[in-house]
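Trainee: Sequence and predicted structure, then a few things I'm wondering about:
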Amino acid sequence: MSMRRLIELAVLLLTAGAAYAANPPQVRFDWSHPKTAVKTQPAMEVCVEPPMLRGRRTHDGLYRTLADFNGEYSRLAFWFPYPKMAVAELDAPTAHKTSWDFAYLDQIVADFMQATQGRSVMVNFSTIPEWMFKTRARVPYADNVDQIDWNYEQGVELRDPSLREVRDYFVRLFNWYTQGGFTDELGQRHESGHHYKFTVWEVLNEVDFEHHLSPELYTRIYDEVVEALRKLDPQLKFSGPALAHPMGQPQYVQYFLDPSHHKPGIPLDFVSYHFYAAPDADESAASEEHTFFKMMDGFLATVRSIELERQRLTPRTRTFINELGTMSTDNFSPNESIPESYWALSSAAFAYAYLNLVKQQIDLVGGAELINYPTQVPGASLTDWNTGEPNARYRGLKLLSDAIRPGDRLVDDDERDLLNVDDPSTVAPKYYAVQGFLGADGGRKVVLVNKRSRPLRVQVAGAKGGSVLSVDLQSNGRLPTSRSLASDMIDLQGFAVAVVHLGR
């Protein structure tokens, strides 16, 4: 493209922006021609952390929020920075004793299963005990359960190359929670009385970061664990590799999804990976509204690439993006400095990505995470870390979960594309996202996302006589605002995630 054409296009965009502000965009749908049925379901990521323990002031609020979500496939992940909450055998067995201890794990599992009763769940006991790795010296662990221990994860090579030691650890964990107990390394029986039913067992977490496992080694571990657990519960489904950075390592997913790299008969029920839009540490709040949506666009392109590989290699494998969210600039600081506007922005960024993932027919998308707090990636929290009550990020997730149901049919708007027109008066810069849904009951719904902090007016044909629910800068962590519509004009607050139910 010539420099002259670039200048012309820049002028066009500036002129279009002015016209756009003066003339609200008009959104129309052809409801007589719905398209693909929705199959995407929202889920919730529950990373195990001390505020979830009984007796904490946040406990009741957190599990009330989890129960209120009422979604399928909530994911319970026991993460390594809290060894006493994540590892059931912290010390290697000797000739005379073992160190099995489920005191913290049991209360988390019990309360999680109670809050999600009657629904499908995914569990991930993601942390391999450090004594199973080759290290220069014994790896200590914090005795205080509240202390974050980033140094617990060490070693890259397992001491038992046959993988039987790792496999047997997870088999005993599974037996403890589903078969009433297990027999330890010394032949002693440990009774639990637990007979929980897990839907999906995910093998390890963020394996590209945690111990930097190679695709080859991870796939071997996956096969060993899956082969053993299937014998105990033939109905159990499995997931992996829960990548932290799929955008940087597409070959990892490709290796895992290739059936030729697995033992015969090993199922690949789910492929999973994560993404968080994260600003630079010195980035201003004003620039984050641009950063987050651009980063989500990059991630959505990665998803399309992964989906092509999945469809080519294992088309029956389902996709579970089980951690999706944003981070603030203050990930590990003990001092809270997150502006109030961040929570509504994060809600809007998730909603924008979610609408696009629905279009891509992704099976499951997990809003992350139930609880985080200063020093522990606070911007990823769905709740207030002081009370356990919902914030705007949760309100937006819940709004989408309630509004967009599997079986609804997608209906596209007829708005003209920016680069296909030369008349600035018809150009519509995408400061917002929109998608129509035709419900199984015939109800017509339009989801709108305002990608900017400023208010936005949109004209939606057929909205008059309907209603709108919105999570935005004004509502923030409160219940969505609700109002009836006297016209087709809809005024959205900054960072609004809005569901418009059209009039009859």
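Mentor: Received the coordinates, thanks.

Trainee: Buried ones in stretch 277-297, by neighbour count?
Mentor: Buried residues in stretch 277-297, defined by neighbour count with 16 or more other C-beta atoms under 10 Å: 277, 278, 279, 285, 288, 289, 291, 292, 293, 295, 296. All C-beta atoms are positioned from the backbone trio N, CA, C, and that covers glycine.

Trainee: try stretch 496-504
Mentor: Buried positions in stretch 496-504, judged by neighbour count with 16+ other C-beta under 10 Å: 496, 497, 498, 499, 500, 501, 502.

Trainee: Which of the residues you listed fall within strands?
Mentor: By the criterion of DSSP state E, membership of those in strands covers 497, 498, 499, 500, 501.

Trainee: Rounded mean pLDDT for the top helix by length along the chain, please.
Mentor: Criterion DSSP state H: the longest helix present in the chain is helix 285-313. Across helix 285-313, the average pLDDT comes to 95.

Trainee: Distance from the chain centre to it, please.
Mentor: Centroid separation between helix 285-313 and its chain, computed with C-alpha atoms, centre = their mean, to the nearest Å, is 13 Å.

Trainee: Just the CA trace of whatever helix or strand comes next after that helix, in CSV.
Mentor: The helix or strand immediately downstream of helix 285-313 is strand 318-326, counting by DSSP states H and E. Extracted in CSV, the C-alpha atoms of strand 318-326 (Å, rounded to 0.1, in the frame of the first residue of the first chain):
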residue,chain,number,x,y,z
ARG,A,318,-13.2,-31.1,22.6
THR,A,319,-11.6,-27.7,23.3
PHE,A,320,-11.6,-26.3,26.8
ILE,A,321,-10.0,-22.9,27.3
ASN,A,322,-10.1,-23.3,31.0
GLU,A,323,-8.3,-20.1,32.1
LEU,A,324,-9.2,-16.9,30.3
GLY,A,325,-9.0,-13.5,31.7
THR,A,326,-6.8,-10.4,32.2
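
Trainee: Which SSE is immediately downstream of strand 318-326?
Mentor: helix 341-359.

Trainee: So what are the sheet partners of whichever helix or strand comes after that following helix and their directions?
Mentor: Of the helices and strands lying after helix 341-359 in sequence (DSSP H and E), the nearest is strand 364-367. Sheet pairing of strand 364-367 (DSSP bridges) gives strand 41-47 (parallel), strand 318-326 (parallel).

Trainee: about what we covered before: possible to save the buried residues of stretch 277-297 as a markdown table with distance to residue 145?
Mentor: Formatted as a markdown table, the buried residues of stretch 277-297 follow (distance: C-beta to C-beta, whole Å):
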| residue | distance to residue 145 |
| --- | --- |
| 277 | 31 |
| 278 | 28 |
| 279 | 31 |
| 285 | 34 |
| 288 | 33 |
| 289 | 38 |
| 291 | 35 |
| 292 | 33 |
| 293 | 38 |
| 295 | 34 |
| 296 | 35 |
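
Trainee: just to revisit the earlier point, and the furthest pair within the ones in strands among the buried residues of stretch 496-504?
Mentor: 497 and 501 (14.5 Å; C-beta to C-beta).

Trainee: Relative to residue 459, how far out is the residue nearest to residue 51 when sequence neighbours are not counted?
Mentor: Leaving out its chain neighbours, the residue that sits closest to residue 51 by C-beta to C-beta, 6 or more residues apart in numbering is residue 58, at 4.1 Å. In this view, residue 58 and residue 459 are 43 Å apart by C-beta to C-beta, to the nearest Å.

Trainee: Next: residue 227.
Mentor: Per C-beta to C-beta, residue 227 is found 58 Å from residue 459.

Trainee: same check, this time on residue 410
Mentor: According to C-beta to C-beta, residue 410 and residue 459 sit 21 Å apart.

Trainee: Likewise for residue 66?
Mentor: 38 Å.

Trainee: more neighbours, those two?
Mentor: Ranked by neighbour count (other C-beta atoms under 10 Å), residue 66 and residue 459 place residue 66 first, with 26 against 15.
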